[in-house]
Structure formats: C-alpha cells, structure tokens
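Participant: Pasting a predicted model and its sequence here:
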Amino acid sequence: MGRDYYSAKEAAQALGISLDTLRRWDRSGRIVTRRDESNRRIVAAAELDRLRGDDHAEQLSARNRFRGVVTDVQVDGLIAQVELLVTEPVRVVALVTRDAVEELGLKVGDPAGAVVKSTSVMIED
C-alpha cells in the first residue's frame, strides 16, 4: 500500500467491504480507526494488513481467492449458507456458522471474498 493511514472509503475498498460495514465494524470494535483533523475516520495500514491476514498471503495462490457479491444468505440454527456470485454464471456456495455471518455482517448485495483451501474437490454424476 505505501501510506501509514487510509480514508475509511479506501480502507473499505481494500478490505472488499462496504463503507457501512466498516462503520459497523468500528462501532463494534472489530476494526481500530482514528479520526483525522476533520473528524473523519482513518485506518492504519497495519490494521488493514491485520484484517486481511497479509502476513499469510504468500501461502495461498491467487486462484484460491475469489471476490464477488453476496447473492443469498440462508441461516438455519447454527449453520448458514452463503452464495457469492463471482462472475456470471460462476458462483461459490459455502456453509459457515451463523456466528460468522453475523460477525461479518453479510447480507445480499455486499461485496465479499471466498478463500478455498482444500486438498481435493471431486464431482460425480
């Protein structure tokens, strides 16, 4: 990145989240922000690195990461199903915990990312 601090909008873009989500994360303590001289939120580059897990980024290739838009979230008990439209018609569907969906604040229309880490995927008919 190159700078010590980024605007809230730049930080949200770097994290692949909406500005509203960044504000929610700030209020809940999930992200640490500061205020500039104009009382606008700013985010330290080190905080962005922490949230993105950049220290482990070299362990996964680009083909393991998918950016997209949430098209469906179904919560049933402790489990949730999240559908992410990567590129029409490609979609990723993941089963995650209800807590994860709530912590991420995922809802239809939000930008999100998926990381696939698997030794094998097999499909049969």
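Facilitator: Perfect, I can see it now.

Participant: Regarding the protein, what is its longest strand?
Facilitator: strand 65-76 (DSSP state E).

Participant: which of the residues in that one are buried?
Facilitator: Neighbour-count burial for strand 65-76 flags 66, 68, 70, 73 (criterion: 16 or more other Cβ atoms under 10 Å). (Glycine included, C-beta is placed from N, CA and C.)

Participant: got the CA coordinates for the helix or strand following it in PDB?
Facilitator: On the C-terminal side of strand 65-76, the nearest following helix or strand under DSSP states H and E is strand 79-87. Only the C-alpha atoms of strand 79-87 are listed here, as PDB (Å, rounded to 0.1, in the frame of the first residue of the first chain):
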ATOM      1  CA  ILE A  79     -25.400 -23.000  10.300                       C
ATOM      2  CA  ALA A  80     -25.700 -20.600   7.400                       C
ATOM      3  CA  GLN A  81     -25.400 -21.000   3.600                       C
ATOM      4  CA  VAL A  82     -23.800 -18.000   1.800                       C
ATOM      5  CA  GLU A  83     -23.900 -17.700  -2.000                       C
ATOM      6  CA  LEU A  84     -21.300 -15.500  -3.700                       C
ATOM      7  CA  LEU A  85     -21.600 -14.500  -7.400                       C
ATOM      8  CA  VAL A  86     -18.000 -14.400  -8.600                       C
ATOM      9  CA  THR A  87     -18.500 -13.800 -12.300                       C
END
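
Participant: Chain neighbours aside, what residue packs nearest to the spatially most central residue of the chain?
Facilitator: By Cα atoms, centre = their mean, the chain has its centre lying nearest to residue 112, at 4.7 Å. Once flanking residues are discounted, residue 112 sits nearest to residue 70: 5.2 Å by Cβ to Cβ, 6 or more residues apart in numbering.
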